[in-house]
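Asks: Could you work out the structure for the sequence below:
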Amino acid sequence: MNAASRHMLSLSFCLVLLLAGPSLSAAPFDSGKASFMAETSAWMLYDLTPDSADFYQLILGFRLDEKNSIFLNAITWKYRAPLGIPFGPRFDSPEEEYPGHVRAFGLGLGYQRFLWKGLFASLYATPFLQDYHQAGSQKVESGFQLFLQAQLGYQVELFRGRMYLKPALSCNYWPVNTNLPSAFRDREKAWPNYFLLEPHLNIGIRF
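Replies: From the prediction side, this is the model:
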C-alpha cells in the first residue's frame with residue numbers, strides 16, 4: 001500500500017476514535033443477533049484516488065459464542081515498495097520503491113476474541129500468491145507469501161448492533177516470501193520482514 005493511503009488511514013483511525021469515544025459502551029451483546037458477519041476495510045476508499053493501490057477486501061465471519069468468532073479473509077492489493085519500511089523519513093521515499101510493483105492475491109483465516117466489552121484481539125494467517133511486475137507492467141515472476149497479523153482493537157456498535165466499526169492496530173509478520181526477482185530482492189533485504197502498529201478501520205454488518 002502506498003504512503004498516501006497509510007497516512008490517510010492513520011488520520012481516519014484517529015478521527016473515528018475521537019468521534020466514537022462517547023459510544024464505546026453502547027449496545028450490550030445480544031445473544032439473539034444473527035451469527036454471520038461481513039466486513040470490509042476503509043482502505044478501499046483510497047481506490048478512488050490517483051494513488052490507488054487497487055486494494056479490495058471482503059471478510060466473512062461466524063460468531064461461535066459471545067466472545068469468539070472465526071473469519072474468512074479474501075484480499076487483493078498492489079504495492080510498490082517493501083512492506084517493512086517503518087513510518088519515518090524513508091517511508092515514502094521514491095528511492096525505496098521497487099522497479100515495478102507486486103500484485104498479491106490472498107485467502108486466509110482469522111480468529112477473534114472479545115477481552116472486555118468491545119475490546120478484542122484477533123489473529124489472521126493469509127497465504128498470498130504474488131505476481132512481480134516490471135515498471136512496464138510486464139509480469140516477470142510469481143511467488144508465495146505467508147502473511148501473519150495480530151490485531152488489538154475496539155468494536156463500536158452501530159444501529160443497535162446491526163452494524164459496527166472496528167478501529168484497530170496490528171503487528172504484521174511475513175516469515176515466507178519467495179521468488180522475488182533480484183531487483184526486488186535488493187530493495188527488500190534492506191528492511192525487516194515485519195511492520196509494527198499499522199492502523200486499521202473496518203466496517204461490518206450482521207445478518
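
Asks: Where do the strands of the chain begin and end?
Replies: Assignment of strands within the chain using DSSP state E yields the ranges 36-41, 56-63, 68-79, 100-116, 119-134, 139-154, 156-158, 163-177, 194-206.

Asks: right, so these: which one is the most enclosed?
Replies: Comparing those by mean neighbour count (mean count of other Cβ atoms under 10 Å), strand 156-158 ranks first with a mean of 20. Placement of C-beta: from N, CA and C, glycine included.

Asks: I'd like the mean pLDDT over that strand, please.
Replies: Confidence over strand 156-158, taken as the mean pLDDT, stands at 92.

Asks: returning to that earlier point: can you put the strands of the chain in TSV and add distance to Asp186?
Replies: Converted to TSV, these look like this (distance: least, Cβ to Cβ, whole Å):
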stretch	distance to Asp186
strand 36-41	30
strand 56-63	29
strand 68-79	16
strand 100-116	13
strand 119-134	13
strand 139-154	14
strand 156-158	43
strand 163-177	14
strand 194-206	19
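
Asks: between those strands, which gets nearest to Asp47?
Replies: strand 56-63 (7.5 Å; Cβ to Cβ).

Asks: That closest one: partners in the sheet, and parallel or antiparallel?
Replies: strand 36-41 (antiparallel), strand 68-79 (antiparallel) (DSSP bridges).

Asks: And it, how far out from the chain middle?
Replies: 12 Å (Cα atoms, centre = their mean, to the nearest Å).

Asks: Please apply the same query to stretch 70-89.
Replies: On Cα atoms, centre = their mean, the centre of stretch 70-89 falls 7 Å from that of its chain.

Asks: Over to that stretch now: how far is its first residue from its last?
Replies: End-to-end span of stretch 70-89 (Cα to Cα, to the nearest Å): 38 Å.

Asks: what residue ranges in the chain are flagged as low confidence?
Replies: 1-33, 51 (pLDDT under 70).

Asks: how about 50 then?
Replies: Within the chain, the ranges that satisfy pLDDT under 50 run 1-5, 7, 18, 21-27, 29, 31.

Asks: thinking Glu66 is in contact with Phe114, fair?
Replies: Yes - with contacts counted by Cβ atoms under 8 Å, Glu66 reaches Phe114, the gap being 7.4 Å.

Asks: any chance of the strands paired with strand 56-63 in CSV, plus distance to Ser142?
Replies: Output for those, formatted as CSV (distance: least, Cβ to Cβ, whole Å):
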stretch, distance to Ser142
strand 36-41, 25
strand 68-79, 14
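
Asks: Contact partners for Asn172?
Replies: Residues near Asn172 by Cβ atoms under 8 Å, 6 or more residues apart in numbering: Leu83, Phe147, Leu148, Gln149, Tyr194, Phe195, Leu196, Glu198.

Asks: bridging residues for the fifth one?
Replies: Read that as Tyr194. Where Tyr194 sits in a bridge, its partners, by DSSP bridges, are Tyr173.

Asks: Check the contact between it and Gly84; I expect there is one.
Replies: Yes - judged on Cβ under 8 Å, Tyr194 makes contact with Gly84 at a distance of 6.2 Å.
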